[in-house]
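Chemist: for reference, the sequence and a predicted model appear below.
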Amino acid sequence: MTTKPWKVWTPAEDALLRQHWADKEPTKRLAARFPGRTAAAILKHGYVALGLGPRDCGRESFSPVWEGVRGLLAGGKR
């Protein structure tokens, strides 16, 4: 089994991630600032290595079930 080589985070990347961690932009858009890094790698590095805590992307969660219930309560159809 082969694995991909692990790319070490530079101090400049750490600083850039800290600077933009609280931005309310989707993680995939944040990942565009880090060529060669995936969104998952950025989240893991921010949470685990840097201890930055959860990101608030400004996006409310969507639940199709709740949308159906809300429509029924409003007197509409599912």
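Modeler: Received, thanks. Numbering: from 1, shown residues only.
Chemist: per-residue pLDDT, the most centrally placed residue in the chain?
Modeler: Geometric centre of the chain, nearest residue: T27, 3.6 Å, by CA atoms, centre = their mean. Looking at T27, its pLDDT reads 88.
Chemist: confirm for me that it is in contact with K44.
Modeler: No: under the criterion of CB atoms under 8 Å, T27 lies out of contact with K44, with a separation of 11.1 Å. No exception for glycine: its C-beta is placed from N, CA and C like everyone else's.
Chemist: contact partners for the closest residue to T27 other than its chain neighbours?
Modeler: With CB to CB, 6 or more residues apart in numbering as the criterion, T27 has its nearest non-adjacent residue at 4.5 Å, and that residue is A39. By CB atoms under 8 Å, 6 or more residues apart in numbering, the contact list for A39 reads 27-28, 30-31.
Chemist: mind redoing it with 6 Å?
Modeler: 27-28, 31 (CB atoms under 6 Å, 6 or more residues apart in numbering).
Chemist: list phi and psi for it.
Modeler: Dihedral angles of A39 (phi, psi; degrees, to the nearest 10) stand at phi -60, psi -40.
Chemist: around A12, how many other residues sit close by?
Modeler: 8 (other CB atoms under 10 Å).
Chemist: that one: what secondary structure?
Modeler: Put simply, A12 is helix when judged by DSSP: H, G, I helix; E, B strand; the rest coil.
Chemist: re earlier: could you pull up phi and psi at the residue nearest to the centre of the chain?
Modeler: Taking degrees, to the nearest 10 as the convention, T27 sits at phi -60, psi -40.
Chemist: can you check A74 too?
Modeler: The phi/psi pair for A74 (degrees, to the nearest 10) is phi -80, psi 0.
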